[in-house]
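>>> One predicted model, sequence on top.
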Amino acid sequence: MLLPLIVATLLAASTCASAADPAKILRIASPDIETLDPHQYNDSPSSNVITAIFEGLYEWDYLASPAKLNPVGAVALPEITDGGKTWTIRVRPGVMFTPDPAFAGKAREATAEDYVYSVKRWIDPNLRRGGDAIFTDLIVGARPVVDAAKGPGASLDYDRPIAGLRALDRYTIQLKLTQPNYPNVEQVLTTGVIAHEVVAAAGRDIRTRPVGTGPYRLKEWKQGSRVTLEANPAYRAVRFPESSDPALAPMIKTMRGRALPQVGVVEINVIEEDVTRLLEFERGRLDYVELRGEIANRMLAGGRLKPEYAARGIARLVFPEPYIFTITLNVSDPTLGGMGNDRVALRRAIALAYDIDSLIKVVYAGQALPANQLVPPRVTGHDPELPPRPGPDHAAANALLDRFGYGNRDPDGYRRAPDGKPLTLQLTLRTAAVSREVQTQWKKDMDSIGLRMTYRLTPFQDMIKDLEAGKFQLYAGGYGGIPSGYGALSQLYGPEPSSVNTSRFKSTDYDRAMEEYVRSPRDAEQIATARRMWEVARTYVPLIPTIYRLENDFVQPWLLGFQPQMFQTYWKYLDIDLALRRQVERK
């Protein structure tokens with residue numbers, strides 16, 4: 001049986017090598033990335049590139065809604081027994097890491113031990129993400145191993161066995177859980193596999209030395225300028241997914257039978273400003289572009305694609321992103337934080353005063369929905385029955401501040417703290433045109449309740465570092481991007497590290513509800529527990545839900561097989577009609 005397996009693997013690799021065409025260059029734009037380490041990223045731009053280089057045991061099915069797992073590094077879906085507490089996974093033979101000096105310049109097969117090692121990296125408390133508190137407590141025997149790595153000068157002992165995380169043989173992994181937790185396990189199983197030899201050899205350079213098993217490998221990374229990927233010649237040939245959705249039938253018919261990946265090169269241009277992305281797309285220099293807010297409206301008339309763009313064959317896809325955008329408040333901050341009545345009143349007053357409807361109309365040009373809960377649409381745990389968020393109530397906010405000690409004002413009319421000292425708050429925003437508009441809206445609302453504000457605009461990656469270090473009072477940003485509400489809800493879960501729970505919020509009631517959420521079957525039970533968590537958040541206001549952004553994807557006519565890249569990047573499923581591209585470019 002071994003010989004046919006080897007032959008099949010070689011045939012798959014050779015088929016892929018001939019299918020990927022170097023002339024087919026996918027050209028896209030992105031904010032700058034910070035790392036290509038699959039277990040130390042903390043931002044979406046880095047994650048998007050990482051998932052093209054690294055693959056886990058599973059990916060989220062490209063076309064399925066609601067989302068479901070699709071095997072990539074695994075042979076089939078997990079075998080789940082013992083009431084959801086034992087997961088057995090068969091690893092796909094012949095999955096190869098790309099050649100690297102750590103393998104003497106050759107490729108190496110990924111085995112069950114590599115996936116076990118990668119999960120241990122995911123829960124390592126000394127890596128940038130700070131580990132995964134929920135998953136650590138979930139895996140039988142993992143907590144003592146992780147806790148032993150937290151002392152001064154300590155490190156995770158990757159050779160120390162964990163009873164609930166084992167390679168049974170070369171191609172079989174078994175997870176044993178303390179309790180069922182489908183969302184968390186599924187998410188970890190989509191995390192990329194990495195080789196311990198590469199990590200050891202690279203040391204601190206691991207963020208720039210990605211060696212994965214995915215459809216692409218790194219060719220060039222010029223920080224702040226461009227990331228270029230090339231097709232992995234050892235990657236297996238894949239086929240375009242199927243779907244029962246009739247709306248997708250024409251695209252599936254076009255793509256059926258093609259050996260993928262077809263795209264030989266992915267060129268990611270670092271473009272921070274949306275207006276520049278739009279101009280590059282209009283010139284045909286980007287194959288698709290993701291736009292939001294006023295910039296997206298420049299391509300629309302009456303909510304529809306302008307005739308001149310439709311005549312060029314450009315397509316538009318619009319949907320609410322699986323992210324919750326918030327104003328996050330630092331509960332550990334000496335001015336804003338704490339759980340005393342005066343601090344909670346201050347945070348609640350800020351929430352009451354913020355005019356979300358005006359934010360959507362003025363800043364996002366109508367391209368957003370008001371957030372009325374923590375879990376965004378199209379994600380499990382979202383409650384469609386919750387009423388809309390009420391509008392701002394400046395009178396109630398002012399009354400609340402007066403009642404809880406903020407009644408004294410300075411000569412400029414701004415409120416003082418209860419102890420009589422000056423009160424100034426700072427909002428951190430990402431450097432971008434939209435952030436300047438957010439600042440204008442924010443100042444108007446906070447002036448109406450007498451709160452003096454300052455503003456800090458900083459590059460995206462610098463902002464992420466400040467958040468992790470707790471060097472902020474308030475910041476505007478988004479979180480989520482996974483099919484389960486677990487992602488958005490984890491922002492306020494006490495055991496999570498500061499890279500996730502940036503507000504440093506701790507609530508026994510919230511944590512208890514979160515633990516019920518991950519044990520619950522999907523739908524009704526998850527919605528009920530998510531609603532309880534929302535009530536806790538509304539009471540203490542560690543964050544203020546603002547919007548669910550509408551993403552507008554504009555796609556050139558020569559790009560085939562495109563669907564919104566909602567939960568990860570799926571560049572391997574795309575194709576480019578070179579003849580049509582040349583024809584359009586000549587016009």
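Everything's here; your move.

>>> Every contact and neighbour count from this point should use C-alpha atoms.
Fine.

>>> Secondary structure element holding residue 318?
Assigned by DSSP states H and E, residue 318 belongs to strand 315-320.

>>> in the stretch 401-550 of the chain, which spans are strands?
Using DSSP state E, counting those that start in this stretch, the strands assigned to the stretch 401-550 of the chain run over residues 424-430, 452-458, 474-480, 543-555.

>>> So for residue 363, which of the ones you listed sits nearest?
When the strands of the stretch 401-550 of the chain are compared by Cα to Cα, strand 543-555 sits nearest residue 363, at 11.3 Å.

>>> and the closest one with strand 474-480, angle?
60 degrees (axes from the mean of the first three to the mean of the last three Cα atoms, to 10 degrees).

>>> Within the sheet, what are the partner strands of strand 543-555, with directions?
Strand pairing for strand 543-555, determined by DSSP bridges: strand 288-291 (antiparallel), strand 315-320 (antiparallel), strand 323-329 (antiparallel), strand 368-370 (antiparallel).

>>> now the ones you listed as a markdown table including mean neighbour count?
Shown next, in a markdown table, are the strands paired with strand 543-555 (neighbours: other Cα atoms under 10 Å):
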| stretch | mean neighbour count |
| --- | --- |
| strand 288-291 | 23 |
| strand 315-320 | 17 |
| strand 323-329 | 24 |
| strand 368-370 | 20 |
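
>>> before we move on, the earlier item: now, of the strands of the stretch 401-550 of the chain, which is deepest in the fold?
strand 543-555 (a mean of 24; mean count of other Cα atoms under 10 Å).

>>> Let's have the strands paired with strand 543-555 in JSON lines, adding mean pLDDT and distance to residue 255.
Below are these laid out as JSON lines (pLDDT from 0 to 100; distance: least, Cα to Cα, whole Å):
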{"stretch": "strand 288-291", "mean pLDDT": "96", "distance to residue 255": "18"}
{"stretch": "strand 315-320", "mean pLDDT": "95", "distance to residue 255": "17"}
{"stretch": "strand 323-329", "mean pLDDT": "95", "distance to residue 255": "29"}
{"stretch": "strand 368-370", "mean pLDDT": "95", "distance to residue 255": "32"}
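
>>> so which of those strands gets nearest residue 500?
Closest approach to residue 500 among those is made by strand 323-329 (11.6 Å; Cα to Cα).

>>> what about residue 412, neighbour count?
8 (other Cα atoms under 10 Å).

>>> no, scratch that, I was asking about residue 29
27.

>>> State the phi and psi torsions of it.
Per-residue torsions, residue 29: phi -120, psi 150 (degrees, to the nearest 10).

>>> Now do the strands in the stretch 1-150 of the chain.
21-30, 58-60, 69-71, 79-81, 86-90, 96-100, 106-109.

>>> quick check, distance from the longest one to the centre of its chain.
In terms of Cα atoms, centre = their mean, to the nearest Å, the centre of strand 21-30 is set 22 Å apart from its chain centre.

>>> Summarise which helices and strands that strand is packed against.
strand 263-270, strand 288-291, strand 575-576 (3 or more Cα pairs under 8 Å, 6 or more residues apart in numbering; DSSP states H and E).

>>> now with 10 Å?
helix 44-53, strand 226-231, strand 263-270, helix 274-282, strand 288-291, strand 575-576, helix 578-586 (3 or more Cα pairs under 10 Å, 6 or more residues apart in numbering; DSSP states H and E).

>>> Done for today, thanks.
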